[in-house]
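1. The following comprises the amino acid sequence and a computationally predicted model.
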Amino acid sequence: MDIKSPSQAAEAAHKAGHKLLMIGQPITGNWLHKKVYSAAMNVVSPMPMLDLLVQHKVATVVRVINDFPIDYNRNKFVDEALAAGADYLMFMDIDMTWPTEMIPMLFESISDEHPIVA
């Protein structure tokens, strides 16, 4: 399947009986520090994403938005996620690093009764 937009990803996920997690990485400029890039790649590498799909029935789309200012990027990502029909959204800021198992850990806490984890 050739998915070109977040809304197409949401449609495909929902059609398959899955939910959709959109991960936004708002940045200003066109570069990422090596530690941040490495941490982000580990979090969204194929095995953790496959585990998320199999264990929690959640597909994933990653969006990097690099307009200016940073708050515009955040708002643009939220607007895109809502318009696409994403079930979950998450920010991965460039001033942070994350453990590889972060997303599966979050989904151990998320439920319909408790949809927000911070």
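-> Structure received.
2. where do the helices sit along this protein?
-> Ranges of helices in the chain, per DSSP state H, are 6-15, 34-43, 46-56, 70-84, 102-109.
3. Reformat these as CSV; add distance to residue 22 and mean neighbour count.
-> To be clear about C-beta, it is placed using only N, CA and C from the backbone, and glycine gets the same treatment. Formatted as CSV, those follow (distance: least, CB to CB, whole Å; neighbours: other CB atoms under 10 Å):
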stretch, distance to residue 22, mean neighbour count
helix 6-15, 6, 17
helix 34-43, 14, 15
helix 46-56, 13, 14
helix 70-84, 4, 16
helix 102-109, 12, 15
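4. now for those, which one comes closest to residue 28?
-> Residue 28 sits nearest to helix 70-84 of all the helices of the chain, at 5.4 Å, using CB to CB.
5. How far off centre is that closest one?
-> On the basis of CA atoms, centre = their mean, to the nearest Å, helix 70-84 is displaced by 12 Å from the centre of the chain it belongs to.
6. For this structure, give me the ranges with low pLDDT.
-> Filtered on pLDDT under 70, the chain yields the residue ranges 1-3, 118.
7. how about the residue nearest in space to the middle of it, what does it touch?
-> The centroid of the chain falls nearest to residue 23 when counting by CA atoms, centre = their mean (1.6 Å). Contacts for residue 23 (CB atoms under 8 Å, 6 or more residues apart in numbering) come out as 44, 60, 61, 62, 63, 89, 90, 91, 92.
8. filter these to the buried ones?
-> 44, 60, 61, 62, 63, 89, 90, 92 (16 or more other CB atoms under 10 Å).
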